[in-house]
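Q: Have a look; sequence and predicted model below, questions after that.
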Amino acid sequence: MIERVRFAPSPTGPLHIGGVRTALFNYLYAKKNKGVFVLRIEDTDQKRKVDSSEEYIFESLEWAGINPDESIKNPGKYGPYRQSERQDIYKKYIEELLDKKGAYYAFDKAEDLSIAREKAEKETGAFKYNYANRNQFDNSLKISEKECQERINSGEEYTIRLLVEPNVEIISEDEIRKTVRVNSNELEDKVLVKGDGTPTYHLANVIDDHCMEITTVIRGEEWLPSLPIHTLLYNLYGWEKPKFVHLPLILNPSGKGKLSKRDGDKNGYPVFPIAWGEEFEGYREKGFLASAHLNYIAQLGWSPKVEDEIMTINEIISAFDFNEIQKGGARFDYDKAKWVNQQHIQRLSTEEIETIVSAKVTELKDNYNKDLISKISTLIQERVVLLNDIPGLCEMFLIPPKAYDEKGMKKIKKVDLTSLINEIKTIINAHDLEDLKEEISNFCIENEIGMGVVMQTLRMAVVGSLSGPDIIKVIKVIGKMTTLDRLELLKKTV
């Protein structure tokens, strides 16, 4: 049997990185098992639908490299792939469920339910529409089929609810949490069809997964409480259930709640893969490589048994195993995400880093020719944490420091800086840059001065800081005259 999995987001706004991780885990499982990854748009909630959201979902997954095998844009034989286009399919199965007496019509008015909910919450703290009180409400269980049909024919609005029998142990299986047992008395008679005739998530996802021959359902932990309801539906229809995998939550850095947009706004990191309009920045815009982003979020809740946590997508696919997914929530760590990104950047080939640097300095293309980009790309590569760092790191090769690091200046001012700068200028003027390091070393030995002091002074003059790429290599790129000019600028600040 071919493994078929699906990612089924709702187009109600931007795709959270928790959703990207769910898509990724579906993708990994499909590729690991030579299966099929389906993208289905669950747009039954038309009131909350955001028109631009669907295209955003596709663009986000495309950037990440999580490409579906079947979707609206690449349909197979199991379409349509939008729930809003599957109403005829749902109608057939709704009628079947009603015929099986697994569901019933409910004519309750919203205001009546609101009053009942308010009363129950005051008395017991919770409201449930179930076996214990359903006969108190206005539904087809209290009237004849004829009267029920007459009310429907007259245009009276209704919903359709699941009939949950009392005192039944519902046994569900989850690949991570194993056997999940729930007494049916704890469940509600969930609404399966809304007043506008569209199915709710509970019904639509079960019907769609069956009709699309989904073999494994991989989704977020927030759907675990709904698993008994879905199990009941599969049992009522007499369908074989897929395997279920409920992924742990992605927690905020404090570990005290689910990662939210508010956390990102407060702490200065994105929670979306790509920008959402002009309002929210994404990981792509922050300067993350897609490969690094996937590498990091893959290990939020999954602990692979590998030596190196920096992995390519093919290595992740090869190592992926449900048995290594944890039950508890995974704490998000933005600093760790940036570190993973830096490691991926350091592993780029010379050609890859040159291409990225070239793209990042496009706005300054008059000053950056191909030869210069080739020289500086590998020099700055190990210093790049985010791709957006590149223009700033490249500036040192074109313009003198705009300011000098204060702590660094305090260190180098412990000597007679003016005299030392003059000595360094003399060495540079008198020798070829290929011999510069050796000549500086000879000068230090002859004058009994530490080489570190000289190199720090040279570095401060050239880049304005005591950190950065190999300073001799930087000097070879910018040339003798530029180096001398920058030494003179530093001397003027003394």
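A: Arrived safely.
Q: Let's test this: mean pLDDT of stretch 464-475, rounded?
A: Here stretch 464-475 scores 92 as its mean pLDDT.
Q: switch to numbering from 622
A: All set: I'll call the first residue 622, so the last point we hit is now stretch 1085-1096.
Q: Of all the residues in it, which ones are buried?
A: Using 16 or more other Cβ atoms under 10 Å as the test for burial, stretch 1085-1096 gives 1085-1087, 1089-1090, 1092, 1095-1096. From N, CA and C alone the C-beta is placed, and that goes for glycine too.
Q: cool, stretch 999-1006 as well?
A: 1000-1002, 1004-1005.
Q: what do you get for stretch 889-900?
A: Applying a neighbour-count criterion of 16+ other Cβ under 10 Å, one finds 890-897 buried in stretch 889-900.
Q: C-alpha coordinates for it, PDB please?
A: In PDB, the C-alpha atoms belonging to stretch 889-900 read as follows (Å, rounded to 0.1, in the frame of the first residue of the first chain):
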ATOM      1  CA  GLY A 889      11.800  40.600  17.900                       C
ATOM      2  CA  TYR A 890      11.700  37.400  15.800                       C
ATOM      3  CA  PRO A 891       9.300  36.200  13.100                       C
ATOM      4  CA  VAL A 892       6.700  33.500  13.500                       C
ATOM      5  CA  PHE A 893       5.900  33.200   9.800                       C
ATOM      6  CA  PRO A 894       8.000  31.600   7.100                       C
ATOM      7  CA  ILE A 895       7.700  34.600   4.700                       C
ATOM      8  CA  ALA A 896       6.400  38.200   5.000                       C
ATOM      9  CA  TRP A 897       2.700  38.700   5.400                       C
ATOM     10  CA  GLY A 898       2.000  41.900   3.400                       C
ATOM     11  CA  GLU A 899       3.900  44.800   4.900                       C
ATOM     12  CA  GLU A 900       2.700  44.000   8.400                       C
END
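Q: just how off-centre is it within its chain?
A: 11 Å (Cα atoms, centre = their mean, to the nearest Å).
Q: Please export the C-alpha coordinates of the helix or strand harbouring Leu1014 as PDB.
A: When elements are assigned from DSSP states H and E, Leu1014 belongs to helix 1011-1016. Only the C-alpha atoms of helix 1011-1016 are listed here, as PDB (Å, rounded to 0.1, in the frame of the first residue of the first chain):
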ATOM      1  CA  ILE A1011      26.100  40.500   4.000                       C
ATOM      2  CA  PRO A1012      25.800  44.100   2.800                       C
ATOM      3  CA  GLY A1013      27.200  45.400   6.100                       C
ATOM      4  CA  LEU A1014      30.100  42.900   6.100                       C
ATOM      5  CA  CYS A1015      30.900  43.900   2.500                       C
ATOM      6  CA  GLU A1016      31.100  47.600   3.300                       C
END
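Q: Quick check: what element follows the helix or strand where Glu676 lies along the chain?
A: Secondary-structure element containing Glu676, defined by DSSP H and E: helix 674-685. Along the chain past helix 674-685, the next helix or strand (assigned with DSSP H and E) turns out to be helix 708-720.
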